[in-house]
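*Asks:* the following block contains a protein sequence and its predicted model.
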Amino acid sequence: MPKLTIDGMEVEVAPGTSIIQAAEQLGVEIPRFCYHDKLSVPANCRMCLVEVEKSPKPVASCAMPCADGMKVFTQSPLAQKARKGVMEMLLVNHPLDCPICDQGGECDLQDQAVAYGFDRSRYQEEKRAVKDKELGPLVKTVMTRCIHCTRCVRFGEEIAGVEEMGILNRGEHLEIGTYVAQMMTSELSGNLIDVCPVGALTSKPYAFTARPWELRKTESIDVLDAVGSNIRIDCRGGEVMRILPRLHEDVNEEWISDKTRFAVDGLKSQRLDKPYVRKNGKLQPATWPEAFEAIKAKISGGKIGAVIGDLADCESIIALKDLLKALGSSTIECRQYGAQVDVSQPVGYLFNTTIAGIEQADAILLVGTNPRVEAAIINARIRKTWLAKRIKVGVIGPQIKLNYPTKYLGAGPETLEELLNGKGAFADILGKAKNPMMILGTGALRRADGLAVQSLARKVAEKYNMVKEGWNGFNVLNTAASRVGALELGCTTGVSFDDLLKLDVLYLLGADELPMDKISKSSFVIYQGHHGDRGAARADVILPGAAYTEKNATYVNLEGRPQTARQAVFPPGEAREDWKIIRALSEVLGKTLPYDNLAQIRQRLVKENALFGDIDVIRPAKWAAFGKDGKCDKAPFVLSIGNFYMTDPISRASKTMAECTEALLNSGDEKAVAHG
């Protein structure tokens, strides 16, 4: 363990630690542009130069490993002079257009020029200009601002797994771009904006709309997939302007998917801002009392059931479940896809390895899933693991294009049966692996034989020692933010899906993925949600709810990790928070629910399941038998998501996501079609 001194302070670090990392442990700031702790070290910007005793010249602290007895000076005259020289050279060709740059106010180049730069320019020659590159509908380029730190190139190669950007030419003519003129085809391309330390790469949809000092910042949780990425919502007035990632090493590290980041404009479109009641076959605007009375008139005496939508929060789910119970019904279902899957044991529907635990795996089997589309952040973690250890990844299901090498094994359940019988080369790989892992997609379970497939997958996991002391390699990749929370609250019913859709009264809590044409024409449909999507079109009464940016709510991600989303803006018009709507309706129906504020309903959640008492904590599920033995259909597995950019009411209402669909999926570009 090397011991060294930095600015007179002694620190002991692990072998291989660089000077810049050791300085961070002491809280000593060293400026940098090219260095990023999640990317490889190129040491090409030279901004992190420091003085090291007995070294004849300044040293790049990002690339110099610590040595025992080393003495480092970060603020010596030599280090300061070196930084001023580097900064002066970086600004030689920079356009200095901060007043019109979207990065202004949160730009590393601005901050470090003030703190470490020279106070005047001695460069009299003409600045060079570089042609902007077209990276697609999401990332805007102003390449004249580029300082050649290569963060974007390394991010594309190492994290996103698309080697589409690189360095062209040399010397004065050096520039960064795509070797062949094409768009960036990664589901994580928006993170280029975050890693770029200058204004060369900025958000195209956000361009020229706001300045960072105008925005109110709220820490929250993303709900457009089941990962539960930690995000920051930036608002101005009552409008959400942008969404940025928030650091959480165990969930999303510091990345978010493009859908999470750019579907924000869908929050402004096709919103439900007042109640509606269907009269004479047409939906007419109504008051809250009129909507509640219309529901009251239909509920009395009829059989009622509910379906939980993909974006529903746990507070509204428990309130709706309690209301149905008060009305004498236990018919509530959260699996919109309608498959009969055994959810009696939490270990049978959770991502048990945890997202961070993927890095411990040494062989991965993907069954009926495309993680690149269904959970881009999890796919990035798989790629990170492959990059570090070159693990083997096998695929059962449709042939998909992933950004790491895979071995295609087969299309359906018969391949799983072969694995169970020890057949095939991948059986040997799983057998020799110390920490083998399986990711079972909901696409493999959305079948009539879902129970049998689930049981078969469990047997494969047991055969190859995927579950043992300290390791659980069996995982289900849910795609809906509400799914695990609703399952933990017991929102499943023994009623078949066909019977559920024939009930007298059907309450849809943001449920838009149902086959609406299969709902009985005689059913009275109540839709509670925030967008005029498929469910609202079929509804007889519409109750306008709040989107995830407009309420304080609890969500449980696919690992079983409860997290809280916080209200950033108020719902539009007469829309209200979802649990409050259900609470108000219960009073009209004469079944008043026993909670009046957020604290009380959260106490109710904890009473229902102690899981909700430990926010951001995962409780490992005990291994137990699940599924049901039976014969599997020979039909191949299908994927649960086709279009990554449009999976929910918010992203379907987003103009930006529509542009992405058109540019990247409908362009005929085979590389751009992430789902193969």
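*Replies:* That came through, no problem.

*Asks:* okay, buried residues for the helix or strand of the chain with the lowest mean pLDDT please.
*Replies:* Ranking every helix and strand in the chain by mean pLDDT, DSSP states H and E puts helix 497-500 at the bottom, with a mean of 83. For helix 497-500, the neighbour count (16 or more other C-beta atoms under 10 Å) marks Phe497, Leu500 as buried. All C-beta spots, glycine's among them, are computed from the backbone N, C-alpha and C.

*Asks:* low pLDDT regions in this protein?
*Replies:* Low-confidence segments of the chain, defined by pLDDT under 70: 338-339, 666-676.

*Asks:* list the contacts of the residue nearest the centre of it.
*Replies:* Nearest to the geometric centre of the chain sits Ser229, at 4.5 Å (C-alpha atoms, centre = their mean). The contact partners of Ser229, by C-beta atoms under 8 Å, 6 or more residues apart in numbering, come to Ile221, Asp222, Pro245, His248, Val251, Asn252, Trp255, Ile256, Ser257, Thr260, Ile377.

*Asks:* show me the contacts for the fourth one.
*Replies:* For His248, the set of contacting residues under the criterion of C-beta under 8 Å, 6+ apart consists of Ser229, Asn230.

*Asks:* 6 Å - rerun?
*Replies:* By C-beta atoms under 6 Å, 6 or more residues apart in numbering, the contact set of His248 is Asn230.

*Asks:* for it, give me phi and psi.
*Replies:* The phi and psi values for His248, taken as degrees, to the nearest 10, are phi -150, psi 100.

*Asks:* for it, give its distance to Lys38.
*Replies:* Counting by C-beta to C-beta, to the nearest Å, the separation of His248 from Lys38 is 13 Å.

*Asks:* what do you get for Val50?
*Replies:* Counting by C-beta to C-beta, the gap from Val50 to Lys38 is 22 Å.

*Asks:* between the two, which is the more surrounded one?
*Replies:* Val50 (27 against 15; other C-beta atoms under 10 Å).

*Asks:* which SS state does the more buried one fall under?
*Replies:* strand (DSSP: H, G, I helix; E, B strand; the rest coil).

*Asks:* so who does it touch?
*Replies:* Per C-beta under 6 Å, 6+ apart, neighbours of Val50: Val59, Ser61, Val72, Thr74, Ala79.

*Asks:* touching, the second one and Thr17? I think so.
*Replies:* In other words, Ser61. No. Between Ser61 and Thr17 there is no contact, the gap being 11.1 Å when judged by C-beta atoms under 6 Å.

*Asks:* phi, psi for the residue nearest to the centre of the chain please.
*Replies:* phi -60, psi 140.

*Asks:* also Ile650?
*Replies:* Dihedral angles for Ile650 - degrees, to the nearest 10 - are phi -70, psi -50.

*Asks:* let the chain start at 37 from now.
*Replies:* All set: I'll call the first residue 37, so the last point we hit is now Ile686.

*Asks:* my read: it touches Ala299, true?
*Replies:* Yes. Using C-beta under 6 Å, Ile686 is in contact with Ala299, at 5.5 Å.

*Asks:* shared neighbours, these two?
*Replies:* What both Ile686 and Ala299 touch, as defined by C-beta under 6 Å, 6+ apart, is an empty set.

*Asks:* so Tyr563 is in which element?
*Replies:* strand 560-565 (DSSP states H and E).

*Asks:* and the next helix or strand past that strand?
*Replies:* Next element after strand 560-565 (DSSP H and E): helix 570-574.

*Asks:* contacting residues around that following helix?
*Replies:* Contacts for helix 570-574 (C-beta under 6 Å, 6+ apart): Leu544, Ala547, Asp548, Met552, Val561, Tyr563, Gly565, Ile578.

*Asks:* so which residues of the stretch 487-636 of the chain form helices?
*Replies:* For the stretch 487-636 of the chain, the helices defined by DSSP state H, counting those that start in this stretch occupy 519-524, 533-536, 570-574, 614-624, 634-644.

*Asks:* tell me which of these sits most buried.
*Replies:* The highest mean neighbour count among those, using mean count of other C-beta atoms under 10 Å, belongs to helix 519-524: a mean of 26.

*Asks:* helices or strands up against that one?
*Replies:* Contacts defined by 3 or more C-beta pairs under 6 Å, 6 or more residues apart in numbering; DSSP states H and E place helix 519-524 against strand 589-592.

*Asks:* any idea how far the strand it packs on is from the middle of the chain?
*Replies:* Its chain's C-alpha centre and that of strand 589-592 lie 14 Å apart, by C-alpha atoms, centre = their mean, to the nearest Å.

*Asks:* which other residues reach that strand?
*Replies:* Contacts of strand 589-592 (C-beta under 6 Å, 6+ apart): Ile257, Val259, Asp349, Cys350, Glu351, Ala517, Val520, Gly521, Pro598, Gln599, Thr600, Ala601.

*Asks:* residue contacts, the residue nearest to the second one when sequence neighbours are not counted?
*Replies:* Spelled out, that is Val259. With sequence-adjacent residues excluded and distances taken as C-beta to C-beta, 6 or more residues apart in numbering, Val259 is closest to Ala517, at 3.8 Å. Ala517 is in contact with Val259, Ala262, Leu347, Tyr591, counting by C-beta under 6 Å, 6+ apart.

*Asks:* likewise for Pro101?
*Replies:* Per C-beta under 6 Å, 6+ apart, neighbours of Pro101: Gly52, Ser54.

*Asks:* who does it form a beta bridge with?
*Replies:* Under DSSP bridges, the beta-bridge partners of Pro101 are Ser54.

*Asks:* could you measure from Tyr312 over to Glu326?
*Replies:* Taken as C-beta to C-beta, the span from Tyr312 to Glu326 is 10 Å.

*Asks:* how about Pro131?
*Replies:* 59 Å.

*Asks:* for Ala58, same thing?
*Replies:* Distance from Ala58 to Glu326, by C-beta to C-beta: 67 Å.

*Asks:* the two: who's more crowded?
*Replies:* The neighbour comparison of Ala58 against Glu326 (other C-beta under 10 Å) goes to Ala58, with 25 against 15.

*Asks:* okay, the helices of the stretch 487-636 of the chain in JSON lines with distance to Asp669 next?
*Replies:* Listed next are those as JSON lines, based on distance: least, C-beta to C-beta, whole Å:
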{"stretch": "helix 519-524", "distance to Asp669": "24"}
{"stretch": "helix 533-536", "distance to Asp669": "17"}
{"stretch": "helix 570-574", "distance to Asp669": "28"}
{"stretch": "helix 614-624", "distance to Asp669": "38"}
{"stretch": "helix 634-644", "distance to Asp669": "36"}
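
*Asks:* minimum distance to Ile335: which of the ones you listed has it?
*Replies:* Between Ile335 and those, the tightest spacing by C-beta to C-beta is seen for helix 614-624, at 9.5 Å.
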